[in-house]
Every structure is written in C-alpha cells, then in structure tokens.
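J.: What follows is a predicted structure for the sequence shown.
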Amino acid sequence: MAQTLFPMEDQMGELKSAQLITGRFDEEVETRRHRTKTAPDEDLRDVKQFSSDKILKHLDRVNDWIQGGNPPPITVELDMTNVCNHHCPECVVNYFRLSDENSLPRTLAERIIDELGEAGVRALIFTGGGEPLCHPDTPDMVTRARARGMDVGFITNGQLLKPESAEKILRNCIWVRVSLDAATPEVFQKTHGKNGASFNKVVENIVMLVKTKKELGSSCTVGVGYLTSKDTQGDLRKAALLCKGLGVDYIQYRPMQIHNGGQFEYDWEDVAAEVEGCLDLGGNGFNVLYSKHKYDMMKRCDYGRDYGECYGHQFATVVSATGKMYICCHLRGYEKYRLGNLKEKSFVEIWNSEERKAAYNSIDFNDCIPLCRCNTFNQVLWNVTRPKEHVNFL
Ligand SMILES: C[S@@+](CC[C@H](N)C(=O)[O-])C[C@H]1O[C@@H](n2cnc3c(N)ncnc32)[C@H](O)[C@@H]1O
Ligand code: SF4
Ligand code: SF4
C-alpha cells in the first residue's frame, strides 16, 4: 500500500528509470531468515540496530519512494532535552550541546509524538541531544509513544534511572541500552567524565533494570553500549564479563568517534580482534554484539561511502530538543540541514515542505561524518536504485 505524503519527482531523477524492488526480495529475505535460523533467543531478539538489510523489511515504503512518493520515515530519533548530567569528552553532540540547554515543553512533545504516530512512523528512539532522563516528562512520553502504536527504543547513560521510570521503560520499550563504556571507575572517568560513585550508581541501576524486567515479565531487551577507543581498550573484555554477570541481554561494541579539530574521525585503535575475542563470552541468553561493518569499513579510506547520494534521510530522521527537525541525527543543530520547526508547523507540513527538499538537495558529504547512521542502508538503497546488468541471474 502506498504511503506517499506527496510526490517528489525532483529527488528521484535517475531513479525513475531504475529497477523497482519486487516482491521477490521479500521471499528472499524470508527464505534467508529460515535458512540461517540460529539460537531461538538470537533470532527473536534482533538487537543489531544497524543491520543494513533491515531496510528491506520495509519494502512498501522503499517501493513507494522509488516510484516518486514521499513515505513517512520508518524511524525517528527524538531528543527530549539537550541537557546532560555527564561530561563525556568525545560526546557526539558536544559541538552544539555545550551552548544549548533546550528541552521540549511537555505539550509540544505530546503533539509531536501524536503526529509521528498518526503519520505512520514505525519506531521512535528516545536519545539525545543530551540525557533523556534529565527531562522529567520523558518516561510519560515513552508510554505515550507506545500508546500511539510506535515501537520504542531508549538510549540512556543510566544514572538517573529510578524504579518508576524503569518500569515505564520496561513496559513500553522494545529495547533499552545503557551507555556504560567502562568496566572500572578509572575508565568511566575518562569516557564519561564522572567519578566512581557515578559508575557504581549506573551499575546499580542496570541491576535494578534487570531485576524489574524479571518482576514485570517484560520482553524489553536490556543492553549495554560500549564505545571502543584506546581509552576503553583495557576494559573491553572485563566489560563483557561484568555485563554477563549483571544479567543483561547483550553488550554492544561500537567504535568511538573522536573530535579531531572539529572534524569527526575514528579512533584508529584496531580492536576488532579483541572484540571478536569476547564473542566466546556469549551464551545462556547473553549476547556479545558488535558493529562488524563499522570495524570493517573503518579500514577503507572511503569508510564505505561508495554511494553517490544520501537516501537514508527519507527513512530515518531526527527531532531535536529545540523542536527543529534535521536531515539526520549527525546534522542536528546545523541550520543548513534544518527541515523545519515543529513549534511552527506540523510534522506532515515539514515532511512535505520545500524547506526539507532544499535541505536534502544540498547535502554535501564534506559535512557528513564517516560511518554515519545511514551508511549501510545508503549502500543498499544506492545499489537497488541503480540499473544493473544480468539482474535476473541470482
Ligand atoms: C549522544 S548519546 C544520548 C543518550 C545518552 N545520553 C547516552 O549517552 O546514552 C546517544 C548515543 O551516542 C553515542 N555516542 C556518544 N558519543 C559518541 C562518540 N564519540 N562516538 C560514537 N558514539 C557516541 C552514545 O554511546 C549513545 O549511544
Ligand atoms: S551521557 Fe550521552 S549525551 Fe551525555 S555527554 Fe555522554 S554521550 Fe553525551
Ligand atoms: S551524515 Fe550525511 S550521508 Fe549520513 S545520513 Fe546524514 S546526510 Fe545522510
């Protein structure tokens, strides 16, 4: 069924003549799923957030877009606030957050969530901006988003979790991930700029989350995020052991981006082998996950940006704590890439607007970080929309 909000011929250009994705892909994905079925818990709890072929689970929207439509995004990141109680020196949002303590007023957050649900957004991620739990209304907004039919994910530094907020999160979210990035107070101080008491509080709160999850019989996946860099290398394996002991469902390793004179770069420490060395710790309901594609792509000089245009912004977007929408989570706060302001317009008006078109038509990869959120599905979308030879020979 078409999901078009408005036709946008000008974005498509070359794509009009390109190959449409057919139902055959659907069968292919299904068949592959059955053939590669592994442990039941792994199959059911797909916490590999950035797996590129997930976009092919949304063939209705991809096809609509290929045909010139303007389907609503599949996933939206929502920043309730830019305020944060931690001081991670390499925080991705440091470039604008330091001078920006905006938060969404409750009534605006309610309207935005309602509009996103009505428009057909399939998943909402509470993240930041800052720390979502620095905003007192966030737990209620999680409940509201679920009630409006969206799948909900939650990313937090974990420090401000309380039994009441944990319960709302566990009752309404598909997953929650605590960014720990350490297994000892020393490393936590380096990664989060906070002392041992804060580290202990976060660990205590993870224990509380796991316990509450069991008490509620919640199916929410509880995970821990771990950014790898030379600062965190020493704790890498200890962190997996710690998390296994805490009873979470997974630890996920991802490379930390570092600010390098205003340019985003990656820490070149090659930890892929060490990360792979932790895989043996998985089992009995505990998964050791890592963004393999990122570690692989980091070794390429183009970081895997082997596509000519960004198309991912059509399917994943962001609402910032100022009420402004931006092309993608990495370009938050960058006025050139503003799609519109939800304080002034509705979501549908912004999604259909000339301002949004102008923003995506001006995307310059020099402004984009390497290995951005859409990198993998940009590769998929670029390939499926290019003419290809011998397409019927599978
Ligand atoms: C900006 S934080 C906001 C949510 C919350 N305050 C937290 O830290 O989980 C959102 C995500 O960005 C990630 N992040 C922050 N700085 C990063 C960096 N330099 N490189 C890669 N990811 C980063 C965090 O690990 C977290 O998963
Ligand atoms: S806790 Fe999250 S938002 Fe706060 S400084 Fe760290 S990464 Fe940034
Ligand atoms: S960083 Fe650039 S390429 Fe990546 S999603 Fe944003 S606009 Fe697209």
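T.: Arrived safely, thanks for sending. Ligands and ions are numbered 1, 2, ... in the order given.
J.: So which residues on this structure come close to ligand 1?
T.: 84, 88, 90-93, 127-128, 131, 155-157, 179, 225, 227, 256-257 (Cβ under 6 Å from any ligand atom). No exception for glycine: its C-beta is placed from N, CA and C like everyone else's.
J.: Tell me the predicted confidence for residue 17.
T.: Looking at residue 17, its pLDDT reads 32.
J.: let me fix that: residue 188
T.: 98.
J.: Ok, residue 344 next?
T.: Note on residue 344: pLDDT of 98.
J.: Could you report the separation of it from residue 61?
T.: 26 Å (Cβ to Cβ, to the nearest Å).
J.: So between these two, which is more surrounded?
T.: residue 61 (23 against 10; other Cβ atoms under 10 Å).
J.: Could you verify my assumption that the more buried one touches residue 67?
T.: No. Counting by Cβ atoms under 8 Å, residue 61 sits too far from residue 67 to count as a contact (10.9 Å).
J.: ok, back up a step: now, the residues of the chain next to ligand 1 that are in strands?
T.: Those of the residues of the chain next to ligand 1 mapping onto strands are 127, 155, 156, 179, 225, 227, 257, per DSSP state E.
J.: near ligand 2, which of those residues show up?
T.: Answer for these near ligand 2 (Cβ under 6 Å from any ligand atom): residue 179.
J.: contacts for the helix or strand in which residue 186 is found?
T.: In this structure, residue 186 sits in helix 185-192 according to DSSP states H and E. If you take Cβ atoms under 8 Å, 6 or more residues apart in numbering as the criterion, helix 185-192 is touched by 86-90, 157, 180-182, 194-196, 198-200, 202, 227, 229, 231-232, 234-235.
J.: Show me the beta-bridge partners of residue 123.
T.: For residue 123, the beta-bridge partners under DSSP bridges are residue 75, residue 151.
J.: Contact partners for it?
T.: Residue 123 neighbours (Cβ under 8 Å, 6+ apart): 74, 75, 76, 150, 151, 152, 153, 174.
J.: Would you mind listing what in the stretch 51-200 of the chain touches ligand 2?
T.: Residues of the stretch 51-200 of the chain lying near ligand 2 (Cβ under 6 Å from any ligand atom): 84, 86, 88, 91, 93, 128, 130, 131, 157, 179, 192.
J.: coming back round to it: against which helices or strands is the helix or strand that the helix holding residue 186 is followed by packed?
T.: Proceeding N to C from helix 185-192, the next assigned helix or strand is helix 196-216, under DSSP H and E. Counting contacts by 3 or more Cβ pairs under 8 Å, 6 or more residues apart in numbering; DSSP states H and E, helix 196-216 is packed against helix 163-172, strand 175-179, helix 185-192, strand 221-228, helix 236-246.
J.: now the angle between helix 185-192 and helix 196-216, please.
T.: 90 degrees (axes from the mean of the first three to the mean of the last three Cα atoms, to 10 degrees).
J.: what comes up buried for the helix holding residue 186?
T.: Neighbour-count burial for helix 185-192, counted by 16 or more other Cβ atoms under 10 Å, picks out 187, 188, 189, 190, 191, 192.
J.: Return the alpha-carbon coordinates of that helix using CSV.
T.: Only the C-alpha atoms of helix 185-192 are listed here, as CSV (Å, rounded to 0.1, in the frame of the first residue of the first chain):
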residue,chain,number,x,y,z
PRO,A,185,35.7,3.7,37.7
GLU,A,186,39.0,4.7,36.1
VAL,A,187,37.9,4.2,32.6
PHE,A,188,34.4,5.6,33.3
GLN,A,189,36.1,8.8,34.5
LYS,A,190,37.8,9.0,31.1
THR,A,191,34.8,8.2,29.0
HIS,A,192,32.0,9.9,30.9
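J.: Run the chain-centre distance for it.
T.: Relative to its parent chain, helix 185-192 has a centroid offset of 23 Å by Cα atoms, centre = their mean, to the nearest Å.
J.: Report the buried members of the contacts of helix 185-192.
T.: 86, 88, 90, 157, 180-182, 194, 198-199, 202, 227, 229, 231-232, 235.
J.: What's the mean pLDDT across stretch 123-132?
T.: 96.
J.: Just the residues contacting stretch 330-348, thanks.
T.: Contacts of stretch 330-348 (Cβ under 8 Å, 6+ apart): 5, 79, 92-93, 95-96, 100, 108, 111-112, 115-116, 119, 129, 317-320, 322-328, 349-351, 353, 355-356, 359, 362-363, 367-369, 372-373.
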